[in-house]
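# Next comes the sequence, and after it the predicted model I'd like to discuss.
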Amino acid sequence: MTALYKTAMNSLNTFDLDADQQTEALVYALESLVKAMKRHHRGQGEPVYNIYAYLHRTLLHIGFNAEFYNDIYAYTDAAGFRKCIS
């Protein structure tokens with residue numbers, strides 16, 4: 001859990017988020033990870049090969065949404081996201 005938390009915080013450090021937004025993003029990303037793993041377990045989805053990479057990529061999307069749209073649940077346009085992380 002500590003390693004997952006450190007991965008999450010390192011992913012979110014690139015964005016200007018307050019503590020509440022970081023906590024909400026972390027909870028949402030962990031829920032997404034668990035749901036992806038459950039889908040695979042039920043035979044309905046692709047396996048999660050690396051939980052740290054999955055969490056990092058999910059948090060990059062969430063951080064982008066939180067900073068630029070003020071909503072962690074907003075739809076992320078791929079072009080804007082690629083420009084942000086490059």
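Nice, I can see it.

# From here on, just use CA atoms for contacts and neighbour counts.
Noted.

# Helices along the chain, start to end?
2-12, 19-41, 51-69, 78-85 (DSSP state H).

# Redo these as a markdown table? Include mean pLDDT.
Converted to a markdown table, those look like this (pLDDT from 0 to 100):
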| stretch | mean pLDDT |
| --- | --- |
| helix 2-12 | 90 |
| helix 19-41 | 90 |
| helix 51-69 | 87 |
| helix 78-85 | 66 |
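
# Make a markdown table out of these and add mean neighbour count.
Below are the helices of the chain laid out as a markdown table (neighbours: other Cα atoms under 10 Å):
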| stretch | mean neighbour count |
| --- | --- |
| helix 2-12 | 15 |
| helix 19-41 | 16 |
| helix 51-69 | 20 |
| helix 78-85 | 10 |
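
# got a list of contacts for stretch 1-16?
22, 26, 52, 55-56, 59-60, 63-64, 67 (Cα atoms under 8 Å, 6 or more residues apart in numbering).

# if we go to 10 Å?
In this structure, residues lying in contact with stretch 1-16 by Cα atoms under 10 Å, 6 or more residues apart in numbering are 21-23, 25-26, 29-30, 51-53, 55-68, 85.

# so how far is it from its chain's centroid?
Computed by Cα atoms, centre = their mean, to the nearest Å, the chain-centroid distance of stretch 1-16 equals 10 Å.

# list the contacts for residue 56?
4, 7-12, 29, 62.

# do that again at 6 Å, thanks
Contacts for residue 56 were tallied using Cα atoms under 6 Å, 6 or more residues apart in numbering; they are residue 11.

# Return the distance of it relative to residue 43.
Using Cα to Cα, to the nearest Å, one gets 24 Å for the distance from residue 56 to residue 43.

# same question, residue 69
Noted for residue 69: a distance of 34 Å to residue 43, by Cα to Cα.

# With residue 30 instead?
From residue 30 over to residue 43 the distance is 20 Å, taken as Cα to Cα.
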